[in-house]
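>>> could you work out the structure for the sequence below:
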Amino acid sequence: MNALHEPDELLTIGEMSRRTGVAQSALRYYEDLDLITSVRTTGNQRRYARHMLRRVSLISVAKRLGMPLSDVHDAFGDVPMDSTPSHADWQRASRRWKLQLEERRRSIERLENELTGCIGCGCLSLKACALLNPDDALASTGAGPRRLEGIHDNGDSAGDEL
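So this is what the prediction gives:
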């Protein structure tokens, strides 16, 4: 294989899989989610632009970090798929991704702080639950962990009213 490649060179799904270490089925799934794109040959075979290698590699990194693919989709929002992205395109995506990671870190820190008292009613302490959620008042707000489900616009925890 040549050391120099044409930027408009197209890769088969097998070549993409070998180069990125991502299974062909995952590549098809990423395409279904509009994370990557391909063109089709007259025989309906997928061909990927060489610049898709970077996108797939970044998706792999995100998955290893436990990032939801929806967050990756948002971060790549305006990075073009139909042409080679510019440095500025990747810088914008990087800034969006950094903001998402910072919010995720804050959410994990909130969860860590809440773990000492209560896991969002499903409580770890029946004594604390009687104080924080008397008569199971949070049940009326919906199923699942209510106190840990994000922050209201004013910055208060969802369960601070109790």
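
>>> now the top helix by length along the chain: buried residues?
Identified as the longest helix of the chain according to DSSP state H is helix 87-115. Within helix 87-115, the residues scored as buried using 16 or more other Cβ atoms under 10 Å are 92-93, 96-97, 100, 114. (C-beta placed from N, C-alpha, C; glycine too.)

>>> would TSV of those residues with distance to Lys63 and pLDDT be doable?
Shown next, in TSV, are those (distance: Cβ to Cβ, whole Å; pLDDT from 0 to 100):
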residue	distance to Lys63	pLDDT
Arg92	22	90
Ala93	16	88
Arg96	17	88
Trp97	13	86
Gln100	14	86
Glu114	26	67
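
>>> before we move on, the earlier item: helices or strands up against the longest helix of the chain?
With contacts taken as 3 or more Cβ pairs under 8 Å, 6 or more residues apart in numbering; DSSP states H and E, helix 87-115 sits against helix 69-75.

>>> taking the buried residues of helix 87-115, tell me the two that lie furthest apart.
The span of those, defined through Cβ to Cβ, is set by Arg92 and Glu114 at 33.6 Å.

>>> what number of residues lie near Leu27?
23 (other Cβ atoms under 10 Å).

>>> tell me what the helix or strand harbouring it is packed against?
Secondary structure assignment for Leu27, by DSSP states H and E: helix 24-32. Applying 3+ Cβ pairs under 8 Å, 6+ apart, one finds that helix 24-32 contacts helix 13-20, strand 46-49, helix 52-64.

>>> the inter-axis angle of it versus helix 13-20?
100 degrees (axes from the mean of the first three to the mean of the last three Cα atoms, to 10 degrees).

>>> domain parsing for the chain?
10-116, 117-157 (automatic domain parsing).

>>> ok, now which ones touch Asn113?
Counting by Cβ atoms under 8 Å, 6 or more residues apart in numbering, Asn113 touches no other residue.

>>> local confidence estimate at it?
pLDDT recorded at Asn113 is 73.

>>> relative to Arg106, how far out is it?
In this view, Asn113 and Arg106 are 11 Å apart by Cβ to Cβ, to the nearest Å.

>>> isn't Met16 right next to Leu27, touching?
Yes - if you go by Cβ atoms under 8 Å, Met16 and Leu27 touch, sitting 5.7 Å apart.
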